[in-house]
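Engineer: Below is the sequence, then the predicted model.
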Amino acid sequence: MATREMLLRHGLRAYERGRFLFALRIALVLVPLITLCALATGEAEHCACLGVLLLGLAVFMRFRSRAGAASVREGLVAGSVPLALGLLVSVIAPECAAAPLVSMCTLTCTLVGAAAGYVLVRRAPEARVSDVLVSVGIASLAASLGCVGLGVAGIAGATFGLAIGRWMRRAV
Amino acid sequence: MTPERRKTIHEAMVRLAEGDRLAFPVLVDELWPVLLAFAERGLRHREDAEDVAQEAFYKIAGRIADFDTSRDGLAWAFGIASYEIRTVRRRRQRRREAEDDASLAALPDHAPSQEEALTQQALLVALESVLGTLTPSDREALQRGERDGLIRTAAERKRKQRALERLRDLWRQIHGDT
């Protein structure tokens, strides 16, 4: 005979397990990206570090709530452009890895990050501050995966660009 | 099922889908009785219905993260419960068929095995070859039996006995003592 307590206990366990499996599905997207980062840039340790951070944050936010899952999705979409461009640049212009802070390489990442940040806010104008912060964080980490081959300057540029883009959109 | 109850269940499912764990007791209190009644109508057996309803409830809880909130929550839940009910019905059907097969298999089989049948056939062929060497009167004497009333006198019995002795001697000549 099923009692209320039994249904609550086992049901809640099934619910949390279901949420966790739902959250973990993002690994199907992120693990190949992290692998691609390591192969394209040769910076396996940096890619692994960034990848673990990105995966951890994404899984946690998706597990927590559906709004978190939406933020992760927005962040990955926004971060995908600087990620792709960064990987491309690191393959065709590997000298960017040693580029100084003020350089064309950094500028590229900054501009692309700004565009991504602008788009991010445009797609989610009514989002709460916490959700936007999550999206920006996810986007920064994703962009960093692409720009890790361009050095710290590239990562900083992408993150800065995202923040600038968001500010610009809000100001317009 | 009132519209208010349906709305309450749907809202609880939406809240859970969005991550609000506090809605879970509401789902237990509102959805469980509905699921149980649905399962009882589908299976007409209280214990099976409870098991099915429980299984369905846990599956609903496990899949709520994927629930499309634009759909009706109760209809979605009934879809999962229907699948569980159909599974139990199919299992019952298979069990019934297996029991029928088992009871048929338990009946004794008086038919001879293949080896016995081949041995019998070989003996009949051998017997026919020996019978063919007997005289017509010996063959007629062997065909008469006491049960069917064809051997009535001692002379007829003696004639049959001599025919059997000649058959035995001929058998030994053709096939040996085996």
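Structural biologist: Looks like it came in fine. Numbers count the residues shown, from 1 in each chain, chains lettered A, B, ... in the order given.

Engineer: so what pLDDT did the residue of chain B found nearest chain A get?
Structural biologist: Per Cβ to the nearest Cβ, B:G19 is where chain B lies closest to chain A, at 3.1 Å. No exception for glycine: its C-beta is placed from N, CA and C like everyone else's. On the pLDDT scale, B:G19 is placed at 93.

Engineer: and it, backbone torsions?
Structural biologist: Dihedral pair for B:G19: phi 110, psi 10, per degrees, to the nearest 10.

Engineer: what does B:D68 give?
Structural biologist: Main-chain dihedrals, B:D68, degrees, to the nearest 10: phi -80, psi 110.

Engineer: list the contacts for it?
Structural biologist: Shown in contact with B:D68 (Cβ atoms under 8 Å, 6 or more residues apart in numbering or on different chains): B:W76.

Engineer: Any figure for the gap between it and B:L22?
Structural biologist: According to Cβ to Cβ, to the nearest Å, B:D68 and B:L22 sit 22 Å apart.

Engineer: Over to B:H10?
Structural biologist: From B:H10 across to B:L22, the span is 16 Å (Cβ to Cβ).

Engineer: Neighbour count: these two, which is higher?
Structural biologist: B:H10 (19 against 9; other Cβ atoms under 10 Å in any protein chain shown).

Engineer: Leaving out sequence neighbours, find the closest residue to the more buried one.
Structural biologist: Nearest residue to B:H10, sequence neighbours excluded (Cβ to Cβ, 6 or more residues apart in numbering or on different chains): B:G73, at 3.8 Å.

Engineer: How about B:R63?
Structural biologist: Distances taken as Cβ to Cβ, 6+ apart put A:G18 closest to B:R63, at 5.8 Å, once the chain neighbours are dropped.

Engineer: how about the residues of chain A that lie near chain B?
Structural biologist: Counting by Cβ under 8 Å from any Cβ of the partner chain, chain A comes close to chain B at A:1-2, A:4, A:7-8, A:10-12, A:14-15, A:17-19, A:21-23, A:64-68.

Engineer: What's the PyMOL line that selects buried ones from the residues you listed?
Structural biologist: This is how PyMOL selects the buried members of those, with burial counted by 16 or more other Cβ atoms under 10 Å in any protein chain shown:
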select buried, chain A and resi 2+7+11+12+14+15+18+19+22+23+65+66+67+68
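
Engineer: ok, residue 137 - contacts?
Structural biologist: Reading this off chain A. A:57, A:75.

Engineer: not what I meant, chain B
Structural biologist: With Cβ under 8 Å, 6+ apart, B:S137 has these contacts: B:159, B:163.

Engineer: about what we covered before: got the contact list for the residue nearest to B:H10?
Structural biologist: Per Cβ under 8 Å, 6+ apart, neighbours of B:G73: B:9-10, B:12-14, B:67.

Engineer: Separate out the buried members of those residues.
Structural biologist: The neighbour-count criterion (16+ other Cβ under 10 Å) marks B:9-10, B:12-14, B:67 among the contacts of B:G73 as buried.

Engineer: Just the ones of those residues in helices?
Structural biologist: The helices, defined by DSSP state H, take in B:9-10, B:12-14 from the buried ones among the contacts of B:G73.

Engineer: Number of residues surrounding A:E74?
Structural biologist: Count around A:E74 with other Cβ under 10 Å applied: 23.

Engineer: so which strand or helix has it?
Structural biologist: helix A:66-92 (DSSP states H and E).

Engineer: Which SSE is immediately downstream of that helix?
Structural biologist: helix A:104-123.

Engineer: Kindly calculate the angle that that next one makes with helix A:66-92.
Structural biologist: Interaxial angle of helix A:104-123 relative to helix A:66-92 (axes from the mean of the first three to the mean of the last three Cα atoms, to 10 degrees): 160 degrees.

Engineer: Which neighbouring elements make contact with helix A:104-123?
Structural biologist: On a contact count with 3 or more Cβ pairs under 8 Å, 6 or more residues apart in numbering or on different chains; DSSP states H and E, helix A:104-123 meets helix A:66-92, helix A:129-147, helix A:151-171.

Engineer: Where does pLDDT dip in chain A?
Structural biologist: Under the criterion pLDDT under 70, the flagged ranges of chain A are A:94, A:96-101, A:119-127, A:148-159, A:161-162, A:165-172.
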